[in-house]
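Colleague: Sequence plus predicted model, see below.
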Amino acid sequence: MSRLMQEEVLARAAKIRCVFLDIDGVMTDCKLYLGPDGFEIKAVSVRDGLGIKNLLRAGIAVAVISGRPSEAMQRRLEQLGVPHIVLATENKLPAYEALLAKLNLSDEQCAHMGDDTPDLPLMQRVGLAMSVADAHRSALHAAHWVSEFRGGEGAIREASDLILEAQGLLAHSGFVGAAG
């Protein structure tokens with residue numbers, strides 16, 4: 001796969017009913033801040049949170065599948081209202097397929113934003129494969145669309161705006177407001 005022309009990206013984005021996201025490197029800057037007791041701290045973008053909320057308000061499902069467990073990210077995702085959260089799964093494909101069946105969706109109706117090789121099986125299946133600016137070259141190569149932003153710095157908001165714009169929903173008054 002390679003990056004597509006803007007018109008084709010918008011055509012694919014117009015069909016999206018569910019957005020799948022990775023955490024480390026997409027929702028975060030791909031860094032783990034570790035304390036001496038093993039306590040982890042991750043930074044997330046409030047803009048990305050609003051992008052997720054806007055998708056949900058528009059009736060577009062959001063699902064997060066990540067290879068690492070994280071209590072803090074579980075809580076953050078629950079606060080944002082993300083209904084489908086699968087953590088600590090190294091092979092993301094079975095979780096993706098289970099959610100597709102549960103939501104009665106086709107690959108073409110799904111988007112995935114990933115940043116590295118564990119995301120490739122999903123990126124190769126979905127209708128719209130997206131990545132962040134600082135992704136591993138394999139994810140950049142697999143992406144139909146690449147954000148101008150790095151992971152954890154607003155890439156999800158940019159992707160959300162793209163999808164909502166393609167569906168004629170970006171300017172809708174219900175999708176602006178307090179940060180997520």
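Modeller: Cool, the structure landed. Bear in mind that the values here come from a model prediction, so they are computed numbers and not experimental data. Residues are numbered from 1 along each chain as shown.
Colleague: Tell me where this protein has strands.
Modeller: Secondary structure of the chain (DSSP state E): strands located at 18-21, 33-34, 40-41, 61-65, 84-86, 110-114, 128-131, 145-146.
Colleague: so how far is the first one from its chain's centroid?
Modeller: Pointing back at strand 18-21 there. 5 Å (Cα atoms, centre = their mean, to the nearest Å).
Colleague: for that strand, packing partners?
Modeller: strand 61-65, helix 92-103, strand 110-114, helix 155-166 (3 or more Cβ pairs under 8 Å, 6 or more residues apart in numbering; DSSP states H and E). Where C-beta positions appear, they are placed from N, C-alpha and C, glycine not excepted.
Colleague: Try it again at 6 Å.
Modeller: strand 61-65, strand 110-114 (3 or more Cβ pairs under 6 Å, 6 or more residues apart in numbering; DSSP states H and E).
Colleague: ok now do the residue of the chain most remote from its centre, which residues does it touch?
Modeller: Taking Cα atoms, centre = their mean, the residue of the chain most remote from its mean C-alpha position is residue 36, at 30.8 Å. Applying Cβ atoms under 6 Å, 6 or more residues apart in numbering, we find residue 36 in contact with no residue.
Colleague: center of this protein - which residue?
Modeller: residue 21 (2.8 Å).
Colleague: Please verify my assumption that it contacts residue 115.
Modeller: No - between residue 21 and residue 115 there is no contact under Cβ atoms under 6 Å: 10.2 Å.
Colleague: on that earlier part again, from residue 82, how far off is the residue farthest from the centre of the chain?
Modeller: From residue 36 across to residue 82, the span is 31 Å (Cβ to Cβ, to the nearest Å).
Colleague: And for residue 101?
Modeller: Applying Cβ to Cβ to residue 101 and residue 82 gives a distance of 19 Å.
Colleague: Of these two, which one has the most company?
Modeller: Using other Cβ atoms under 10 Å, the more surrounded residue of residue 101 and residue 82 is residue 82, with 21 against 9.
Colleague: Quick check, that one in contact with residue 62.
Modeller: Yes - counting by Cβ under 6 Å, residue 62 is a contact partner of residue 82 at 5.1 Å.
Colleague: from what I can see residue 95 touches residue 65, true?
Modeller: Yes - contact criterion Cβ under 6 Å: residue 95 and residue 65 qualify, at 4.9 Å.
Colleague: which of these two has more neighbours?
Modeller: Counted by other Cβ under 10 Å, residue 95 and residue 65 do not tie: residue 65 has more neighbours, with 25 against 20.
Colleague: who's in contact with that one?
Modeller: Residue 65 sits next to 86, 92, 95 when contact means Cβ under 6 Å, 6+ apart.
Colleague: Could you count how many residues lie near residue 87?
Modeller: Neighbours around residue 87, by other Cβ under 10 Å: 17.
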